[in-house]
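Student: No letters, just coordinates:
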């Protein structure tokens, strides 16, 4: 890991010289992340990634020590992308309820429509990486979520008596649970259906009458 960080530091100091290597690393990350999300972490091999990119495995190993190292980097890569989008939504949202519906669209893109749940495979085959991801989700995205809850209280949409820390943890725990195929088999529960029902459940649990009316307004617009 120290060797990799040192190498990346050199990349940043000499961007023109190392731009080709940085571009290749990003291509590997983008392609690998897409493959892992679509087919799962266990199913995709280094050979699959090399074939898709029409490069040799040696080229992949010039940037990543092994598959675990690649999976770890891909998880960070996808997380950072999602976090940026969510933080932007929270910055420009008209109100926190609208923000939840916008965030749902992002979440849908990263929930597999198959039994090959990426998160479930990550938890099973790479438990240390999964534990790190859960911690990052709560620490990084949790801050913005807490701000949205506080804003919702000020706007009269959420009850002032709610425990913000508890609601934050319940929300993230629920979102992680939705991606567990043992709890919600893909053949019985579609991602959009799951998220819609979960958001309705979540908002009604903390909303004031004003917040509930706004939720029902969004539900009506969605069904039209």
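Tutor: Happy to help now that I have it. Everything quoted here is computed from the prediction, not taken from an experiment.

Student: Show me where this structure has its helices.
Tutor: For the chain, the helices defined by DSSP state H cover 2-13, 15-39, 46-53, 57-61, 67-92, 96-109, 118-125, 127-136, 142-154, 164-178, 191-206, 209-223.

Student: Can I get those in a markdown table including mean pLDDT and distance to residue 185?
Tutor: Yep, even glycine has a C-beta here, placed from its N, CA and C like the rest. Conversion of the helices of the chain to a markdown table gives the following (pLDDT from 0 to 100; distance: least, Cβ to Cβ, whole Å):
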| stretch | mean pLDDT | distance to residue 185 |
| --- | --- | --- |
| helix 2-13 | 51 | 38 |
| helix 15-39 | 81 | 18 |
| helix 46-53 | 96 | 26 |
| helix 57-61 | 95 | 33 |
| helix 67-92 | 94 | 24 |
| helix 96-109 | 88 | 18 |
| helix 118-125 | 87 | 11 |
| helix 127-136 | 94 | 20 |
| helix 142-154 | 95 | 28 |
| helix 164-178 | 93 | 12 |
| helix 191-206 | 93 | 11 |
| helix 209-223 | 90 | 25 |
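
Student: Count the residues that sit near residue 211.
Tutor: 22 (other Cβ atoms under 10 Å).

Student: how much space between it and residue 196?
Tutor: For residue 211, the distance to residue 196 (Cβ to Cβ, to the nearest Å) stands at 17 Å.

Student: Include distance to residue 184 when you put the helices of the chain into JSON lines, please.
Tutor: Formatted as JSON lines, the helices of the chain follow (distance: least, Cβ to Cβ, whole Å):
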{"stretch": "helix 2-13", "distance to residue 184": "36"}
{"stretch": "helix 15-39", "distance to residue 184": "17"}
{"stretch": "helix 46-53", "distance to residue 184": "27"}
{"stretch": "helix 57-61", "distance to residue 184": "33"}
{"stretch": "helix 67-92", "distance to residue 184": "20"}
{"stretch": "helix 96-109", "distance to residue 184": "14"}
{"stretch": "helix 118-125", "distance to residue 184": "10"}
{"stretch": "helix 127-136", "distance to residue 184": "18"}
{"stretch": "helix 142-154", "distance to residue 184": "22"}
{"stretch": "helix 164-178", "distance to residue 184": "6"}
{"stretch": "helix 191-206", "distance to residue 184": "6"}
{"stretch": "helix 209-223", "distance to residue 184": "21"}
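
Student: Deepest-packed of those helices, please.
Tutor: Most buried of those by mean neighbour count (mean count of other Cβ atoms under 10 Å) is helix 118-125; its value is a mean of 20.

Student: who's in contact with that helix?
Tutor: With contact meaning Cβ atoms under 8 Å, 6 or more residues apart in numbering, helix 118-125 is reached by 36-37, 40-43, 71, 75, 110, 112, 129-130, 133, 176, 179-182.

Student: Go again with 10 Å.
Tutor: By Cβ atoms under 10 Å, 6 or more residues apart in numbering, the surrounding residues in contact with helix 118-125 are 33, 35-44, 67-68, 71, 74-75, 78, 110-112, 117, 129-131, 133-134, 175-183.
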